[in-house]
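J.: Just to be clear, the model below is a prediction. Sequence and coordinates:
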Amino acid sequence: MPRTMVEGCELHYEITGRGEPVLLLHGLGSCSLDWENQMPALKERYTVITLDVRGHGQSGKPRGPYSIGLFARDVAQVLEQSAVGPVHVVGISMGGMIAFQLAVDAPRLVRTLTVINSAPAVVPKTFSQWLTLQLRLWLPRVFGLRWLAKRIASVNFPRPEQEADRRLLAERLASNDPAAYRAATKAIIGWSVADRIRDIRCPALVVSGDHDYTPVALKESYATLMHDARVAVIADSRHVTTHDQPAALNRVLLDFLAEHRMASALPEARAAGSA
């Protein structure tokens, strides 16, 4: 599995499949396994690049500080070294933030943008929002990362029949390096590119679970500021839409990607259809 050094950190990534390149960016405290329910469908049609962000998964875990800008530079370096761009960028949660940052900092690398349960800013506007973010930062120090992992998993998979997903999410979150997890959490708090998303010219898909942490209305409000963006709402889904509604997400994502395939891919598709 490929590894590369970027700004003092060894990054783990993988490239599989065939066709136009699609880059998948995972969320906070996760890794490329975020996409295990999307990979089978995607790699049949696309070249899929998965990357463990610094501090996560099999990538290096240097001391902070981290930043969303640093994560995006890491991603840009991997894409440039791999010579696969421009790519269809897909990110969930923190991965969506990295995708936004990449789209405004290196638009030449981004063919389309898909953000799932994410936003272009994490700037608290009320005391309640500030407190929620601070608790996310400090509770692991008080009760331990395993305790927080169980809490997050219970919120995202509350039903009895979701026990397997609940246990899996808790185990993955608890396995994080505590210092790296804290550094990544700090990178999110106060980050914003909200004043720059009007400059994003590529087609964009904003996906929201109908019971995500942040309301659908928030996604609709920032989507209107972008040049070519639409919102898709996934029913009966919380924050980890990749796992609680994988089939619905896959349909929406594959339809969007197919709509924006490069023109050079169309003759191949026509030939296949006439065979």
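T.: Perfect, thanks for sending it. Numbering: from 1, shown residues only.

J.: what's the distance between residue 96 and residue 131?
T.: 23 Å (Cβ to Cβ, to the nearest Å). For the C-beta atoms, the positions are set from N, CA and C on the backbone; glycine is no exception.

J.: Ok, residue 26 next?
T.: Taking Cβ to Cβ, one finds residue 26 at 26 Å from residue 131.

J.: still on that earlier bit, out of residue 96 and residue 131, which sits in the more crowded spot?
T.: More neighbours surround residue 96 than the other of residue 96 and residue 131, with 24 against 11 (other Cβ atoms under 10 Å).

J.: I'd assumed residue 26 was in contact with the more buried one.
T.: No: Residue 96 lies out of contact with residue 26 (Cβ atoms under 8 Å); the separation is 10.2 Å.

J.: Now do the same for residue 132: its pLDDT.
T.: Residue 132 carries a pLDDT score of 83 in this model.

J.: before we move on, what about the one 4 residues further on?
T.: Listed pLDDT for residue 136 reads 82.

J.: That one reaches residue 185, doesn't it?
T.: Yes: using Cβ under 8 Å, residue 136 is in contact with residue 185, at 6.1 Å.

J.: So for those two, which sits in the more crowded spot?
T.: Neighbour count, other Cβ under 10 Å: between residue 136 and residue 185, residue 185 has more, with 19 against 16.

J.: now the more buried one, nearest residue through space, not along the chain?
T.: In this structure, residue 185 finds its nearest non-sequential neighbour in residue 137, 5.2 Å apart by Cβ to Cβ, 6 or more residues apart in numbering.

J.: Run a quick neighbour tally on that neighbour.
T.: Neighbours around residue 137, by other Cβ under 10 Å: 15.

J.: Mind listing what's buried along the helix or strand hosting it?
T.: Element membership of residue 137 [criterion: DSSP states H and E] is helix 127-143. Neighbour-count burial for helix 127-143 flags 133, 136, 140 (criterion: 16 or more other Cβ atoms under 10 Å).

J.: Packing partners of it?
T.: helix 145-156, helix 178-188 (3 or more Cβ pairs under 8 Å, 6 or more residues apart in numbering; DSSP states H and E).

J.: the strands in the stretch 1-150 of the chain, which residues?
T.: 3-6, 9-17, 21-25, 47-52, 87-92, 110-116 (DSSP state E, counting those that start in this stretch).

J.: how about low-confidence regions in this structure?
T.: For the chain, the stretches flagged by pLDDT under 70 are 1, 263-275.

J.: pretty sure residue 238 is in contact with residue 208, am I right?
T.: No: at 10.5 Å, residue 238 does not count as touching residue 208 under the criterion of Cβ under 8 Å.

J.: Neighbour count for the two, which is higher?
T.: It is residue 208, of residue 238 and residue 208, that has more neighbours when counted by other Cβ under 10 Å, with 26 against 20.

J.: Residues contacting the helix or strand harbouring the more buried one, please?
T.: Using DSSP H and E, residue 208 sits within strand 204-209. Applying Cβ atoms under 8 Å, 6 or more residues apart in numbering, the contact partners of strand 204-209 are 103, 112-117, 214, 216, 219-220, 222-223, 226, 228-234, 237-239, 241, 244-245, 249, 252-253, 256.
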